[in-house]
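> sequence first, predicted coordinates after that:
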There are 2 protein chains.
Amino acid sequence: MALGRLGNQQRREAVLAMAAALETDAAQIVAANQADLQAAAADGLSSALVARLKLDAAKLEGAIAGVRQVADLPDPVGVRQLHRELDDGLVLERFSVPLGVLGVIFEARPDAVMQIASLAIRSGNGAILKGGREASRSCAAILEALQKGLAASAVSPQALDLLTSREESLALLKLDGLVDLIIPRGSNELVRFIQDNTRIPVLGHADGVCHLYVDREVDLGQAVRIALDAKTQYPAACNAIETLLLHEQTAADFLKQALPVFQAAGVRLRGDAGSQALGVAEAADETDWRTEFSDLVLSVRVVPDLSGALEHIRRYGSRHTDAICTTNGDTAETFLRSVDSAGVYLNCSTRFADGFRYGFGAEVGISTQTLPPRGPVGLEGLVTYRYQLRGDGHIAADYASGVRAFTHRDLPL
Amino acid sequence: MALGRLGNQQRREAVLAMAAALETDAAQIVAANQADLQAAAADGLSSALVARLKLDAAKLEGAIAGVRQVADLPDPVGVRQLHRELDDGLVLERFSVPLGVLGVIFEARPDAVMQIASLAIRSGNGAILKGGREASRSCAAILEALQKGLAASAVSPQALDLLTSREESLALLKLDGLVDLIIPRGSNELVRFIQDNTRIPVLGHADGVCHLYVDREVDLGQAVRIALDAKTQYPAACNAIETLLLHEQTAADFLKQALPVFQAAGVRLRGDAGSQALGVAEAADETDWRTEFSDLVLSVRVVPDLSGALEHIRRYGSRHTDAICTTNGDTAETFLRSVDSAGVYLNCSTRFADGFRYGFGAEVGISTQTLPPRGPVGLEGLVTYRYQLRGDGHIAADYASGVRAFTHRDLPL
């Protein structure tokens, strides 16, 4: 409760203290992560999971820079969003306020702890964190550092708490009224399990099945470059593409350039009959269109036209991020207006769907739900608002009877 | 889908056509409601439910005026909320877009159909409506009129649909991916049932347990007037108060003035030991503090001070709307800052918690969830947003390698 009433400067300094403590403890954190990675190798975890788990010195340095960026973001709390006279002496205001307590459940991705903890404290929220068993040593080391940082600030170290058992994690999901938002970071199965087992709002996404459609009118070299980046720059990420849709009049020329490039990058392609006829080695089945491979696998389909691409995305997509490569302005506008995903892109890689890259400083997660917050979510996902109404004896009966009338006059913010 | 792409003027005209058709059919609608009311009387429905069900000519006229107001509200769709250069030639925009399809489930309250249908069409959304059996005649007559109106507009009458059976209503709750938001309007039990049986986001509130705290330093006459209005102006409403909290040094003087006023208005009081000693006739038990009476019943409790009032509201409140009557500025600020409800009010009636009264033109409902939209929700609860990113071959690898750097420069909206 007290945290929610601390001022901007105190919350900012607390986040900087967290960053400093992470730096001080960097060697221990990387060592703890090494131990997690060795255990993961012994347990035979998938390469996608290991990629998410890995936190080397460079990745940690990047994460700490991210924490500092969060400290310098504009304060999301106490912003007056509405200021309106309802009648003489009756004034309505709306202010942003912290949500309260966040419940964060993640598998692997120890870097997510730093991101989310800093966003939580910056926005005046407490956070209860539950990491996966595979990241237990990394998370404990990070949390210890973060709490040391808070101990040197106005924020109580108790504002951050780490759960360790599965039982505690299940109990967390039942704390409606005490926990205000659940943020899952991890596999699709984890997110789906959480969505099915809590009444607390969940910020996140189960699937990231992103598409790139290569139009008939296109800069082929650019399209190949974008496809390669969108698949391979970080294949474990949710904003990597899983399916390439090729206009039937472009497919042959595109694949002629792309096949050797993908092969060199170690990308395995699975295609429909049309793309197999043009050299794609393996066959794709219905399941592949719905699959987030999170790996160097890409499904390929030849479509007759833009409508065919839109229909495929509508049916198999996860409303995360979908892109088109085209040089035709009308085609571009139709795609951007018709695809109902959190992100719709023209002539660029889907990998830009990210809070840092959007300039939010950091991200809590990427939401594929329809309601806001949608897409990459920064601090704005961690505050809500409250209406304040100040009067001087104003009663509703006077307006119902017509004795008084509302003025509804907006005042300066 | 087509509805979502219609322009502002077409959606505006469709709403005006709906209003005109409601006016044309007014006599049939009122007659259908009369038939529902007679059936309700025969079935012995509660007075609170009957009050919600009633739709006489005056209430219908008010509802139609509300529909016209919705037509004239600023278009919530296509608003550019963000415009940012990420790098040279890589530009991010965020636009408001319709949610898609709303599922509306309500008991009684046939006026809610008109409100919600007009808000849905104004914001480019389709709506599937399911009314309670007790309002079946009213709803059918209203829907017929609304669809007649749409038939005379650019919007297809199929944008609004009425379900009639309980089975259809249960099926509606399972349509994740097709229905984007469920809006329940009705009893606490209905809302809770829906929240427990769907993964689709639910906009609404189970309880409206609102409080008025009368401080030690207070204008007694004003406090009595506000308490009377907040309880009696429309006791079936969710924003009516259920509990009066009295500072122990004010309780005697307040009740001396208030008891005859409440008695004259037919309000039954249930008090704790302290207020019973001061003349409150009936005893309140623990259950009463948690109960939304929706009727002329008010629980009363004497508290030692502001902290006692805050603690009571924290424990028993539903985070809907809570008010304080005080002449002390510091006390007022502490209350407004400490109570975590959608609405926190000073020296005015809780009955102002309403979309019309806030100047939103109409309301979809009042949300007591923590996340936005919170409190009375107008059009802004029915749109979401989408990010558009336009580049010219931009790939993420260039930023990861340091070949290029983000500029993150905000452009004019």
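Perfect, I can see it now.

> where does pLDDT dip in chain A?
A:1-2 (pLDDT under 70).

> scan it for its longest strand.
When chain A is parsed with DSSP state E, its longest strand is strand A:383-394.

> other SSEs contacting that strand?
Where contact means 3 or more Cβ pairs under 8 Å, 6 or more residues apart in numbering or on different chains; DSSP states H and E, strand A:383-394 is packed against strand A:80-87, strand A:90-98, helix B:220-232, strand B:343-348, strand B:375-377. Every residue, glycine included, has its C-beta placed from N, CA and C.

> wait, A:P235 touches A:F293, no?
Yes. Counting by Cβ atoms under 8 Å, A:P235 touches A:F293, with 7.5 Å between them.

> before we move on, back to that, partners of the longest strand of chain A, with directions?
In the sheet, strand A:383-394 lines up against strand A:90-98 (antiparallel), strand B:343-348 (parallel) (DSSP bridges).

> that strand vs helix B:220-232, what angle?
120 degrees (axes from the mean of the first three to the mean of the last three Cα atoms, to 10 degrees).

> helix or strand right after strand A:383-394?
helix A:397-400 (DSSP states H and E).

> now the element after that next one, going C-ward?
strand A:409-410.

> tell me the strands beside that next one, with direction?
strand A:80-87 (antiparallel).

> quick check: buried residues in the strand it pairs with?
A:L82, A:R84, A:E85, A:L86, A:D87 (16 or more other Cβ atoms under 10 Å in any protein chain shown).

> what's the answer for stretch A:185-202, then?
A:185-188, A:190-191, A:193-195, A:198, A:200-202.

> just the terminal-to-terminal distance for stretch A:280-296.
One end of stretch A:280-296 sits 15 Å from the other (Cα to Cα, to the nearest Å).

> near chain B, which residues of the stretch 1-150 of chain A?
Counting by Cβ under 8 Å from any Cβ of the partner chain, the residues of the stretch 1-150 of chain A close to chain B are A:R5, A:R84, A:L86, A:L90, A:L92, A:V97, A:L99, A:G100.

> recalculate using a threshold of 10 Å.
A:1, A:4-5, A:81-82, A:84-87, A:89-101 (Cβ under 10 Å from any Cβ of the partner chain).

> quick check: neighbours shared by A:P235 and A:F293?
Common contact partners of A:P235 and A:F293 (Cβ atoms under 10 Å, 6 or more residues apart in numbering or on different chains): A:A48, A:I241, A:E242, A:V267.

> let me see the contact set for the closest residue to the second one other than its chain neighbours.
Put plainly, it is A:I241. Leaving aside its chain neighbours, A:I241 sits nearest to A:A230 (4.3 Å; criterion: Cβ to Cβ, 6 or more residues apart in numbering or on different chains). By Cβ under 10 Å, 6+ apart, the contact list for A:A230 reads A:210-212, A:237, A:239-242, A:244, A:298, A:321, A:323, A:345, A:348-352, B:395-396.

> ok, back up a step: among the shared contacts of A:P235 and A:F293, which one sits closest to A:R166?
Set against A:R166, the nearest of the shared contacts of A:P235 and A:F293 by Cβ to Cβ is A:A48 (21.9 Å).

> ok, now which ones touch that closest one?
Per Cβ under 10 Å, 6+ apart, neighbours of A:A48: A:A108, A:S187, A:P235, A:A236, A:A237, A:E292, A:F293, A:S294, A:D295, A:L296.

> and it, what element?
helix A:47-53.

> buried stuff in that helix?
Buried, per 16+ other Cβ under 10 Å, within helix A:47-53: A:A48, A:L49, A:V50, A:A51, A:R52, A:L53.

> helix or strand right after that helix?
helix A:57-71.

> and chain A, split by domain according to the record?
Domain segmentation of chain A under automatic domain parsing yields A:2-203+A:364-386, A:210-352.

> return the most buried member of the strands paired with strand A:383-394.
strand B:343-348 (a mean of 25; mean count of other Cβ atoms under 10 Å in any protein chain shown).

> return the distance of that strand from the chain's centre.
For strand B:343-348, the separation from the chain centroid amounts to 17 Å (computed by Cα atoms, centre = their mean, to the nearest Å).

> contacting residues around the next helix-or-strand element following that strand?
Where DSSP H and E defines the elements, the next helix or strand beyond strand B:343-348 is strand B:365-367. Outside strand B:365-367, the residues within contact range by Cβ under 10 Å, 6+ apart are B:104, B:106, B:112, B:115-116, B:119, B:183-185, B:191, B:202-205, B:208, B:237-239, B:319-321, B:342-343, B:353-355, B:373-378, B:381.

> understood, closing this out.
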